[in-house]
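Undergrad: got a predicted structure plus its sequence, pasted below:
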Amino acid sequence: MNKLKIKYKFLEHMADVKFQAFGKNKEEAFLNSALALMEVVTEKVKIQDISKRKIRVGGEDDVSLLYAFLEEFLYLLDAEDFVVGKIESLEIKDGTLSAMVLGDTASKYKFSNDVKAITYNEMFVREENEKWVAQVVLDV
Amino acid sequence: MIVFLEEFMKKISENVYEIPMENGMNVPARIFASEKLMKNIEDDKTLQQIKNVAMLPGILKASLAMPDAHQGYGFPIGGVAGFDVDKGVISPGGVGYDINCSVRLLKTNLKEKDLKNKDEILHSVFRAVPSGVGQGGKLKLSKDELDEVLREGAQWAVKKGYGFKEDYEHTEDNGKLPNANPKDVSQRARGRGMGQLGSLGAGNHFLEIGIVDEVFDEKVAKVFGLEKGMITIMIHCGSRGLGHQVASDYIKEMEIKYGYPKFDRELVNAPIKSELGKKYLSAMACAANFGFANKQLITHWVRENLKHYFPKIKMDVVYDVCHNIAKFEKHKIEGKEKEILVMRKGATRSFGPGRKEIPSDYRKVGQPVLIPGSMGTSSYVLVGTKKAEEISFGSTAHGAGRISSRAFASKNINAEDVKKKLKSKGILVEAGSLKGLSQEAPEVYKDVDEVVRVSHEVGIGKLVVRLKPLLVVKG
């Protein structure tokens, strides 16, 4: 199948950051959501692939799974001083998401966009016209 | 006459609008705004959100929006509601992700003429106070020490030598919310907060050195120790990743236990008296205490830093107010004084004279209400009123409130221009990044002058002094 042309796009939101991420399947839409989130944090600064982290999260439904997945990136940043630059693999099976991510020590870089939280506000994950769309609003 | 989009909304008095009860609302919704501010409020989902809040069980009197209200999660920013303790619920969406995002004002014995090397002072303060995304705190805490911070807030910091007793005595709740049990804060939240204590953060958080440039109420200003020409310092920050994670954790837990309201997933809630409700309130108190300790440390570092330039400097805390919090307070409900739970999400407590919660030296006049403007615009000190206790659960606005999105700002506002424009007004800014600067440019915020004017006219917070910024450190 052809690769999607647009991985994600940012939408107007009064107070915060809103984006939609796309994929030919759910996994790809999740992966692109994470890329959108990381673009907000890193402001497009290139992150070196120095070390790896494994992410494993569960959720009650697609939306809470996406929430839990994206929250992991904020946790890595605050608690482990680790910023993700690349997602090597991502798999969703029986409501559990496993991913391998590559990145670097966050404090080597200077970021100023503080994403406070992932929110459920206007969040959805759905299949429309044979592609998957995930919409997220970040509290920044 | 202006026609509003909200069909049944009516003006009930000058600057006060009401949406009567409809579909599932337990109380009416009420908005304190001028026609000009109402036009901004109508632009986003604020009105829908206060109607949603009015649907929550046990809500009392009315679901309120302050003059600076704008769209948030669950509650709008600038949303206030009071809940019956027995029948009501607590919602993390009524407090917000940045628990105890708050503002502290310090007064000094300096005048503007003393600030000779403004560039140098700004740069030095910028370096003394960690800011930006991620870790950055200067302290390395053990697990037990973090527990103490969560239990004791600003009082922990003072005990460790970071400041004075008078600092927390001039802080809401003496800088320490009660019933804070660290056991209710998850490992993840602790992990996120551990390395962040004593850091400003980023986004809309800032530290500002300003000057009292207008006094509206001489008598009250004197009680607060403020006078024209005095240099002041304002610190605006919250509970960092720890508070954000507490909110996320309990949103999830409450959803699993109680499900979520169909009208808004972010208004997930638990009965106030349930186990989970109590646990959230305890975790929230811990996060609030982290926020109080955070500002106390920053206060200390700014003090130490400015001593290099001004060995005889005096910096006293005027007051420190919470902007995102839930508290048990006594209010008059149907003529009777009753303990209720008040949630203020992007709103300031505004108690009038006599309340025991107010520091004794201010009790005669009412509490100081601190309303920061946006970067580069004036900030205000107001005084709380009896009127606020009657009509707004003792609350008023908390700031300017956004009118343009961050995306719009990044695309359309040049950060260098922002810096230049501010410089031409005598305001110097140092920021973690230029992009952050354009997103917080003065033009993306509501007119704070209009916000405080409405608060003053409605009587929910009366003008005392205006502060003009001189040096701004942005996270």
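TA: Yes, it's here. Numbering: from 1, shown residues only, chains lettered A, B, ... in the order given.
Undergrad: element containing the residue minimising distance to the centre of chain A?
TA: The centre of chain A sits closest to A:Ala34, judged by Cα atoms, centre = their mean, with a distance of 1.5 Å. In the assignment (DSSP states H and E), A:Ala34 maps to helix A:26-42.
Undergrad: chain center to that helix, what's the gap?
TA: 3 Å (Cα atoms, centre = their mean, to the nearest Å).
Undergrad: for that helix, C-alpha coordinates in CSV please.
TA: What follows is helix A:26-42, C-alpha atoms only, in CSV (Å, rounded to 0.1, in the frame of the first residue of the first chain):
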residue,chain,number,x,y,z
LYS,A,26,-4.4,2.1,13.7
GLU,A,27,-0.8,1.5,14.6
GLU,A,28,0.4,4.0,12.0
ALA,A,29,-2.1,6.6,13.3
PHE,A,30,-0.8,6.0,16.8
LEU,A,31,2.8,6.3,15.7
ASN,A,32,2.1,9.5,13.8
SER,A,33,0.3,11.0,16.9
ALA,A,34,3.5,10.4,18.8
LEU,A,35,5.5,12.2,16.1
ALA,A,36,3.1,15.1,16.2
LEU,A,37,3.5,15.3,20.0
MET,A,38,7.3,15.2,19.7
GLU,A,39,7.3,17.9,17.2
VAL,A,40,5.4,20.1,19.7
VAL,A,41,8.0,19.3,22.3
THR,A,42,11.2,19.5,20.2
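Undergrad: buried ones in the helix or strand just after it, by neighbour count?
TA: Sequence order places strand A:51-58 as the next helix or strand after helix A:26-42, per DSSP H and E. Across strand A:51-58, burial judged by 16 or more other Cβ atoms under 10 Å in any protein chain shown covers A:Ile55, A:Val57. Placement of C-beta: from N, CA and C, glycine included.
Undergrad: what strands line up against strand A:51-58, and which way round?
TA: strand A:96-105 (antiparallel) (DSSP bridges).
Undergrad: and the next element down the chain from the strand it pairs with?
TA: Per DSSP H and E, strand A:96-105 leads on to strand A:117-128 as the next helix or strand towards the C-terminus.
Undergrad: show me what contacts the residue nearest the centre of chain B?
TA: Centroid-nearest residue in chain B, with Cα atoms, centre = their mean: B:His323, separated by 2.3 Å. By Cβ atoms under 8 Å, 6 or more residues apart in numbering or on different chains, the contact set of B:His323 is B:Asn100, B:Cys101, B:Ser102, B:Val103, B:Arg344, B:Gly346, B:Ala347, B:Thr348, B:His398, B:Gly399.
Undergrad: for the fourth one, list each beta-bridge partner.
TA: For B:Val103, the beta-bridge assignment (DSSP bridges) gives partners B:His236, B:Val321.
Undergrad: any idea how far it lies from chain A?
TA: Going from B:Val103 to chain A by Cβ to the nearest Cβ, to the nearest Å gives 17 Å.
Undergrad: what's the longest helix in the chain?
TA: Went with chain A since none was named. Looking across chain A with DSSP state H, the single longest helix is helix A:62-80.
Undergrad: think we crossed wires, I meant chain B
TA: Ranked by residue count and defined by DSSP H, the top helix of chain B is helix B:275-309.
Undergrad: show me how far that one is from its chain's centre.
TA: Distance, centroid of helix B:275-309 to centroid of chain: 13 Å (Cα atoms, centre = their mean).
Undergrad: just to revisit the earlier point, now tabulate the contacts of B:His323 in JSON lines and tack on secondary structure and pLDDT.
TA: Output for the contacts of B:His323, formatted as JSON lines (DSSP: H, G, I helix; E, B strand; the rest coil; pLDDT from 0 to 100):
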{"residue": "B:Asn100", "secondary structure": "coil", "pLDDT": "96"}
{"residue": "B:Cys101", "secondary structure": "coil", "pLDDT": "94"}
{"residue": "B:Ser102", "secondary structure": "strand", "pLDDT": "94"}
{"residue": "B:Val103", "secondary structure": "strand", "pLDDT": "96"}
{"residue": "B:Arg344", "secondary structure": "strand", "pLDDT": "98"}
{"residue": "B:Gly346", "secondary structure": "coil", "pLDDT": "96"}
{"residue": "B:Ala347", "secondary structure": "coil", "pLDDT": "98"}
{"residue": "B:Thr348", "secondary structure": "strand", "pLDDT": "98"}
{"residue": "B:His398", "secondary structure": "coil", "pLDDT": "95"}
{"residue": "B:Gly399", "secondary structure": "coil", "pLDDT": "89"}
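Undergrad: thank you, goodbye.
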